[in-house]
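Colleague: Sharing a model that was predicted from the sequence below.
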Amino acid sequence: MGFFAWLGLAIFDQYRGGFFSLPDIPDGAYPLSFKNGLRAIVLDADVSDHSYDQNWKYFRHLSLADPDRRYLGFPYDVPAWFEDTWSFCKKPTTEEANWIQNQMPKSMRDQVATARFDAVCIIEADGKKILRGLIYSVPDL
């Protein structure tokens, strides 16, 4: 009985995180779904274990491929119809990182001061790029 309860919770957690609507992703990309609503596919993640790079998309978790880090997602406000959309994330260029750093509120800048800036998440719609969120990571101590 306990096994079925655990299985039910695992399936519900995958559903809540949007993993049943996960689009096709390339090898080496990792999906991340945060409780705050940010759904991200990290394309060029710095991971310590590349054995997960070609797993089936439902079994590719960034926390498994890089267990030494904890990932923090900061979603941006988007229209309601984009809230459940998966965004594609890439490492920020130096210019992007500087621009974002200068635009964020001081309280957030202080909060991520010691974190590693891992990715900028974008949704593309009607030929426009919409900033969906930012991903930072910290050592998992």
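Modeller: Yep, that arrived. Numbering: from 1, shown residues only.

Colleague: Would you mind listing where the protein has pLDDT under the threshold?
Modeller: Along the chain, the parts satisfying pLDDT under 70 run over 3-21, 48-59.

Colleague: All the strands of it, in order from the start?
Modeller: Here the chain has its strands, by DSSP state E, at 30-33, 39-42, 69-75, 87-90, 116-125, 128-139.

Colleague: For residue 103, find the nearest of these.
Modeller: Distance to residue 103, taken as CB to CB, is lowest for strand 128-139 among the strands of the chain, at 10.0 Å. Bear in mind the C-beta positions are built from the backbone N, C-alpha and C, glycine included.

Colleague: re earlier: make JSON lines out of the strands of the chain and add distance to residue 60 and mean neighbour count.
Modeller: JSON lines is the format used below for the strands of the chain (distance: least, CB to CB, whole Å; neighbours: other CB atoms under 10 Å):
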{"stretch": "strand 30-33", "distance to residue 60": "5", "mean neighbour count": "22"}
{"stretch": "strand 39-42", "distance to residue 60": "10", "mean neighbour count": "25"}
{"stretch": "strand 69-75", "distance to residue 60": "14", "mean neighbour count": "19"}
{"stretch": "strand 87-90", "distance to residue 60": "14", "mean neighbour count": "22"}
{"stretch": "strand 116-125", "distance to residue 60": "15", "mean neighbour count": "19"}
{"stretch": "strand 128-139", "distance to residue 60": "16", "mean neighbour count": "17"}
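
Colleague: Output the ones you listed in JSON lines, with distance to residue 1 appended to each entry.
Modeller: What follows is the strands of the chain, written out as JSON lines (distance: least, CB to CB, whole Å):
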{"stretch": "strand 30-33", "distance to residue 1": "28"}
{"stretch": "strand 39-42", "distance to residue 1": "32"}
{"stretch": "strand 69-75", "distance to residue 1": "33"}
{"stretch": "strand 87-90", "distance to residue 1": "39"}
{"stretch": "strand 116-125", "distance to residue 1": "40"}
{"stretch": "strand 128-139", "distance to residue 1": "38"}
